[in-house]
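Participant: I'd like to go over a predicted model; first the sequence, then the structure.
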Amino acid sequence: NKDVYVLGIETSCDETAAAVVKNGREIVSNVVASQIDSHKRFGGVVPEVASRHHVEQITLVIEEAMNRANLSFADLDAIAVTQGPGLVGALLIGVNAAKALAFAHQIPLIGVHHIAGHIYANRLVTEMKFPLLSLVVSGGHTELVYMKEHGKFEVIGETRDDAAGEAYDKVARALHLPYPGGPHIDRLAHEGSVTIDLPRAWLEEDSYDFSFSGLKSAVMNTVHNAAQRGEQIDAKDMAASFQASVVDVLVAKTVKAAQEYQVRQVLLAGGVAANRGLRAELERKMAEIEGVDLVIPPLSLCTDNAAMIAAAGTILFEQGKRADMSLNADPSLEL
Ligand code: KG4
Ligand code: ZN
């Protein structure tokens, strides 16, 4: 039984990342070049700026991942790359780098869905037990994904408008906090109290879908109306109240789905999984239901990285899935 080494490449948004993972579970190297500082002054990710950075960084980042792993390309069993969803110009940089390397070194090529990557970040910290449920919350996604076995994903709920992270970033902007705003709201929320009445979008009784745009608008209107009266909203209390609304709905729907689908594990995934309020509330509520393990990866594996892409790619590799030189970036790829 030979060890399997997979190089992962991720460029779907604003991190240029490469990593080597052994047997789908063990991180050998994990390199992430963040562009956050370049996007900060624009208050969000600018696609053209992101593509330019990926072009500049991709070769260096891949070299660094290979050097830290102390491997040569001949040692690799496969190259896994994020195929979508994401910014098309950004995705293309990673896909083309992966294709060039796979072609030059005659290594199998594998296209990975970004969300499958976020979910498989969990396999780098624990064994996945099926059936399982994953709550994927990031800047671009809010999804409840049910899995019966490796590589099979069933989206049982998703956002109908803004993603959770997007709502965090927009609310942060209204409160004049820097980009990305999620961590700032999280920090302020812990210093404030839930004193402002904000809506919670439960949607239909049996729906696992989410909606955050109404909540976001309610925050913006409250801030705006206060300003018109010459008053200022307490940012800490607003952060605490907003976070409570988001966390209440995310946790309630996740716990309900975990019970209905009788899963053995609940996995948290995506950048918003870094949220302390969400982690704490999910831990509290999950402790009340028996026989279900809650898994929350470390912060560095929750935000965009390539180790998660390599981990998801390894499963596809073992299942015999291969891409060829026609592999293309797909900004709206379905899970
Ligand atoms: O997964 P990720 O790195 O990129 C995407 O694929 O979108 O997630 C980034 C998102 C941003 O919206 C950011 O504000 C949010 O995750 N985020 C947080 C926290 N840390 C990052 N949101 C709430 N609380 C946090 N502590
Ligand atoms: Zn992501």
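Facilitator: Happy to help now that I have it. Ligands and ions are numbered 1, 2, ... in the order given.
Participant: Next, the buried residues of stretch 129-139.
Facilitator: Of all the residues in stretch 129-139, those buried under the rule 16 or more other CB atoms under 10 Å are 131, 132, 133, 134, 135, 136, 137, 138, 139. C-beta here means a position set from N, CA and C on the backbone, and glycine is covered the same way.
Participant: hmm, I was thinking of stretch 242-259
Facilitator: Buried positions in stretch 242-259, judged by neighbour count with 16+ other CB under 10 Å: 242-247, 249-251, 253-255, 257-258.
Participant: ditto for stretch 224-233
Facilitator: residue 233.
Participant: what does that stretch contact?
Facilitator: The contact list for stretch 224-233 (CB atoms under 8 Å, 6 or more residues apart in numbering) reads 175, 196, 222, 223.
Participant: Excluding sequence neighbours, find me the nearest residue to residue 12.
Facilitator: Leaving out its chain neighbours, the residue that sits closest to residue 12 by CB to CB, 6 or more residues apart in numbering is residue 86, at 2.8 Å.
Participant: what sits against the one you found?
Facilitator: 11, 12, 13, 114, 140, 329, 331.
Participant: And the spatially most central residue of the chain, what's its pLDDT?
Facilitator: The centroid of the chain falls nearest to residue 270 when counting by CA atoms, centre = their mean (2.6 Å). At residue 270 the predicted local distance difference test score is 94.
Participant: and what of the one 10 residues further on?
Facilitator: Predicted confidence (pLDDT) at residue 280: the value is 96.
Participant: all strands in the stretch 101-250 of the chain, in order from the N-terminus.
Facilitator: 109-113, 132-137, 142-147, 154-158 (DSSP state E, counting those that start in this stretch).
Participant: Between strand 154-158 and the third one, find me the angle.
Facilitator: Put plainly, it is strand 142-147. With axes from the mean of the first three to the mean of the last three CA atoms, to 10 degrees defining the directions, strand 142-147 sits at 160 degrees from strand 154-158.
Participant: does any part of strand 142-147 sit near ligand 2?
Facilitator: No. Using CB under 5 Å from the ion, strand 142-147 stays clear of ligand 2, with a minimum separation of 11.3 Å.
Participant: Please renumber the chain so that the first residue is 695 from this point on.
Facilitator: I'll keep to 695 as the first residue from here, and by that count the last item is strand 836-841.
Participant: so what does that strand touch, helix or strand wise?
Facilitator: Counting by 3 or more CB pairs under 8 Å, 6 or more residues apart in numbering; DSSP states H and E, the packing neighbours recorded for strand 836-841 are helix 808-814, strand 826-831, strand 848-852, helix 929-954.
Participant: Break the chain down into its domains, please.
Facilitator: As assigned by automatic domain parsing, the chain contains the domains 699-813+996-1012, 822-990.
Participant: give the contact list for the closest residue to residue 709 other than its chain neighbours.
Facilitator: Using CB to CB, 6+ apart and skipping residues adjacent in sequence, the residue nearest residue 709 is residue 998, 4.4 Å away. Counting by CB under 8 Å, 6+ apart, residue 998 makes contact with 704, 706, 707, 708, 709, 711, 726, 832, 965.
Participant: Kindly report the residues of the stretch 795-944 of the chain close to ligand 1.
Facilitator: Taking CB under 6 Å from any ligand atom as the measure of proximity, the stretch 795-944 of the chain contacts ligand 1 at 832, 833, 834, 859, 862, 863, 874, 875, 876, 877, 880.
Participant: change it to 8 Å
Facilitator: If contacts are counted using CB under 8 Å from any ligand atom, the residues of the stretch 795-944 of the chain sitting beside ligand 1 are 808, 812, 831-835, 857-860, 862-863, 866, 873-877, 879-881, 937.
Participant: Now the buried members of those residues.
Facilitator: A residue is treated as buried here by neighbour count (16+ other CB under 10 Å); on that basis the buried members of these are 808, 812, 831-835, 857-860, 862-863, 866, 873-877, 879-880, 937.
Participant: Now cross-check those residues against ligand 2 and list the overlap.
Facilitator: The subset of those lying close to ligand 2, counting by CB under 5 Å from the ion, consists of residue 832.
Participant: And the one helix or strand residue 727 maps to, what does it pack against?
Facilitator: Applying DSSP states H and E as the criterion places residue 727 in strand 720-728. Using 3+ CB pairs under 8 Å, 6+ apart as the contact definition, the elements that strand 720-728 packs against are strand 709-716, helix 741-763.
Participant: To residue 991, which of those lies closest?
Facilitator: With CB to CB, the closest approach to residue 991 among those belongs to strand 709-716: 13.7 Å.
Participant: so residue 812 touches residue 966, yeah?
Facilitator: No. Residue 812 is not in contact with residue 966 according to CB atoms under 8 Å; the separation is 10.6 Å.
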